[in-house]
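>>> Kindly return the folded structure for what I paste below:
(2 chains)
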Amino acid sequence: MQSRSLPYLLLLPATVFLVCFFLYPFVLVAWQAFATDEGEITGKYFNKMVSHWKFEKALYYTLALALVVVPVQLVLSLMMASFVSSMKKGRDLILYIWTIPLGISDLAAGIIWLAIFDQTGFLNSVLYSTGIVDEPVTFLGYQNKGTIFIAVALAEIWRATAIMLVILVAGIGLIPKEYYEAAQVYGANSWQRFTKITLPLLKPSLQTALILRVILAFEVFAVVSALGGTNLPVLMGEVYNRQFVLQDNHTAAAFAMLILFISIISTVFFMWALRTPKGVKA
Amino acid sequence: MSTAPNMVVGQSKAARWSFNIAVILLCLWVLVPIYLLISNALSAPADVNGFPKKLLPSVNTESVEFFIGFYGVTKALWSSVQVAFLTMVMAVLIGAPAGYALSRFDFRGKSLFRIMILMTRAFPLPLLALPMAIMFIKVGLDDTVFGLAIVHTTLALPFAVLITYSLFSGIPIELEEAAWTLGCNRLQAFIKVIFPLVLPGITASAIFAFVTSWNEVFAAAVLTIENRTLPAFLLQSLDDAPLHLKFAGGAVLVLPALLFLFFVRKYLFSMWGIANR
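Here you go, the predicted structure:
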């Protein structure tokens, strides 16, 4: 009897915690987005959100950033993961270096790239010293949305490729070595081994990596604040402005619902696009 | 004989060289930006704001001293440590029993619990700060270290559960059973046999929780005013703070996290290997 109730007892704290501080708050935030303080169901907060002049820009830049950043990270992390798995000497050291950004907060990453792109930053210093420009360029000014976008994209690629790398390296470690040996016996070259063995068997890891990464991409916030201030509006930045600066928590909740919505859409998409057929397991 | 998905062995010298160069370039891509931040943090304020920049820092602590002496910084640092510590304790105390239960028992509702854990990763968790802000005002936890630690624990808990689950799964149940037959009860067996074996891993998951909290910006910025953590403080001073304050602050934020991660690097992969399933 005791050992039948024991697992539930052990799970109880975590379950209670997640119900109280994860599930219930999400219900609460949805309620805030759809209902007034008096409890009346309304769509006016969504109207307010959509009609704000920054709304389209914020949505556009958030999606565009994800669309630019994630594919580059996918290619980069696949490349790094296959490099690492074909290494013998120095594998651990290289892997440690490549996963360093994992420990760096998004705000710190933004500040790091500010050191490069700022008007008195390192990029300008190099361009100036080599005579390419006569005076420092304002990369991050409000009239240069294009260069702010590039700076944010680079900072994001720099910071968050590591999380995909870790997932993919762990995934490659699960693929039986015999497959590669067999393929080699039959004369498959390294590219064929990569496309015919690694990629298909890595599907579950790719799925995890992409779901996680895209959701994080939709949450982009501090990197943008550090590099562009409010010059490059993004959805999470609007949530912050609404909630903290304007104290308008209903419209903030409406923005939150929008982020949640696109996150769920992308999760469902990757679950479908990278599904593993039943009965096929590595 | 090569084993892994091999791209080098058996190829020409040129291929090997281009492989090495690519690896080195990727290392530089990661390391150079960090070097530039540290270099800025170790330069005098005049050099940080000067132009053009030198690539070697003047190595002086003026910027860091200015940062530490800046109004509100030591308080923010202290809040950060407190929140991260509380997060660490809560995540491990709540997460480890769940990880143990998942690894040792088969019971109804197990898959339901796992789905809930996996769900947390499909949601933009920092958004939790919004409803929590309202909840906390009602119960008097607004703008407190403890309130923020609760939100950070929600971020860290799923990973604590997954890491401890993989740790306990790696320890044969026979060890426990042997202890039972020698007269230990379940708790004694756990404390005397299992706990010493998993202690390094538990420490690792504690450190992950600490770093998660230490680095978190959005919820911290929304939920705290007086008790701002370091990231929240830095975020709110982005607009008006001088450059050397930002860079010194960035360096102070980055260094402890890097140091901690160095000690737990080998657990990174076991955590994600299991989290894929």
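>>> For residue A:222, report the pLDDT, please.
Residue A:222 carries a pLDDT value of 91.
>>> Roughly how far does it sit from residue A:175?
36 Å (Cβ to Cβ, to the nearest Å). From N, CA and C alone the C-beta is placed, and that goes for glycine too.
>>> Between the two, tell me which one has more neighbours.
residue A:222 (29 against 19; other Cβ atoms under 10 Å in any protein chain shown).
>>> my guess is that one meets residue B:238, correct?
No: using Cβ atoms under 8 Å, residue A:222 is not in contact with residue B:238, being 9.1 Å away.
>>> So, low pLDDT: which residues of chain B?
By pLDDT under 70, the low-scoring segments of chain B are B:1-11, B:270-277.
>>> go with 50
B:1-9, B:275-277 (pLDDT under 50).
>>> Kindly report the domain assignment for it.
B:13-61, B:65-275 (automatic domain parsing).
>>> Among these, show me which one is buried the most.
domain B:65-275 (a mean of 20; mean count of other Cβ atoms under 10 Å in any protein chain shown).
>>> what residues are up against residue B:68?
residue B:74 (Cβ atoms under 8 Å, 6 or more residues apart in numbering or on different chains).
>>> any idea how far residue B:121 is from residue B:152?
Counting by Cβ to Cβ - residue B:152 and residue B:121 are separated by 16 Å.
>>> Assign the residue nearest to residue A:119 when sequence neighbours are not counted to helix, strand or coil.
Spatial nearest neighbour of residue A:119, chain neighbours left out: residue A:136 (5.1 Å); criterion: Cβ to Cβ, 6 or more residues apart in numbering or on different chains. Using DSSP: H, G, I helix; E, B strand; the rest coil, the structure places residue A:136 in coil.
>>> Residue A:33: neighbouring residues, count only.
Residues contacting residue A:33 under the criterion other Cβ under 10 Å number 24.
>>> The closest residue in space to it that isn't next to it in sequence: neighbouring residues, count only.
In space, and not counting its chain neighbours, residue A:33 is closest to residue A:253: 3.8 Å by Cβ to Cβ, 6+ apart. For residue A:253, the neighbour count with other Cβ under 10 Å is 29.
>>> Other residues contacting the helix or strand harbouring residue A:253?
Under the criterion of DSSP states H and E, residue A:253 resides in helix A:249-273. Applying Cβ under 8 Å, 6+ apart, the contact partners of helix A:249-273 are A:26, A:29-30, A:32-33, A:36, A:45-46, A:48-49, A:59, A:63, A:207, A:210-211, A:214-215, A:218-219, A:235-236, A:238-239, A:242-243, B:122-124, B:127, B:130-131, B:133-134.
>>> swap the cut-off to 7 Å and go again
Helix A:249-273 is contacted from outside by A:29-30, A:32-33, A:45-46, A:48-49, A:207, A:210-211, A:214-215, A:218, A:235-236, A:238-239, A:242-243, B:122-124, B:127, B:130, B:134, using Cβ atoms under 7 Å, 6 or more residues apart in numbering or on different chains.
>>> Stretch B:117-132 too?
Counting by Cβ under 7 Å, 6+ apart, A:22, A:25-26, A:28-29, A:32, A:211-212, A:215, A:218-219, A:243, A:249, A:252-253, A:256, A:259-260, A:263, A:267, B:151, B:154-155, B:158, B:161-162, B:218-219, B:222-223 sit against stretch B:117-132.
>>> Can I get that stretch as CSV, trimmed to CA atoms?
The C-alpha trace of stretch B:117-132 is given here as CSV (Å, rounded to 0.1, in the frame of the first residue of the first chain):
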residue,chain,number,x,y,z
ILE,B,117,6.5,18.9,-17.9
LEU,B,118,6.9,18.9,-21.7
MET,B,119,4.2,21.4,-22.1
THR,B,120,6.1,24.0,-20.1
ARG,B,121,8.6,24.0,-22.9
ALA,B,122,6.0,24.8,-25.5
PHE,B,123,4.9,27.9,-23.7
PRO,B,124,6.6,31.3,-23.6
LEU,B,125,7.2,31.1,-19.8
PRO,B,126,8.3,34.7,-19.2
LEU,B,127,4.7,35.8,-20.0
LEU,B,128,3.8,34.2,-16.7
ALA,B,129,5.1,37.4,-15.1
LEU,B,130,1.9,39.2,-16.2
PRO,B,131,-0.7,37.2,-14.3
MET,B,132,1.7,36.7,-11.5
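>>> what distance separates it from the centre of its chain?
17 Å (Cα atoms, centre = their mean, to the nearest Å).
>>> Equivalent analysis for stretch A:64-72, please.
For stretch A:64-72, the distance to the chain centre is 9 Å (Cα atoms, centre = their mean).
>>> again with stretch A:44-57
On Cα atoms, centre = their mean, the centre of stretch A:44-57 falls 24 Å from that of its chain.
>>> again with stretch A:18-33
Going by Cα atoms, centre = their mean, where stretch A:18-33 is centred and where its chain is centred differ by 22 Å.
>>> And that stretch, what's buried?
A:18, A:21-22, A:25-26, A:28-30, A:32-33 (16 or more other Cβ atoms under 10 Å in any protein chain shown).
>>> which other residues reach that stretch?
Outside stretch A:18-33, the residues touching it (Cβ under 7 Å, 6+ apart) are A:45, A:249-250, A:253-254, A:256-257, B:116, B:120, B:123, B:127-128, B:130-132, B:135, B:150, B:154.
>>> how about 8 Å then?
A:45-46, A:249-250, A:253-254, A:256-257, A:260, B:116-117, B:120, B:123, B:125, B:127-128, B:130-132, B:134-135, B:150-151, B:153-154, B:157.
>>> In chain A, where is pLDDT below threshold?
A:1, A:282.
>>> Strands of that one, residue ranges please.
Counting by DSSP state E, chain A has no strands at all.
>>> How is it partitioned into domains?
Split by automatic domain parsing, chain A gives A:1-42, A:55-107+A:143-273.
>>> Just confirm residue B:95 contacts residue B:155, I think it does.
No: taking contacts as Cβ under 8 Å, residue B:95 lies outside contact range of residue B:155: 11.8 Å.
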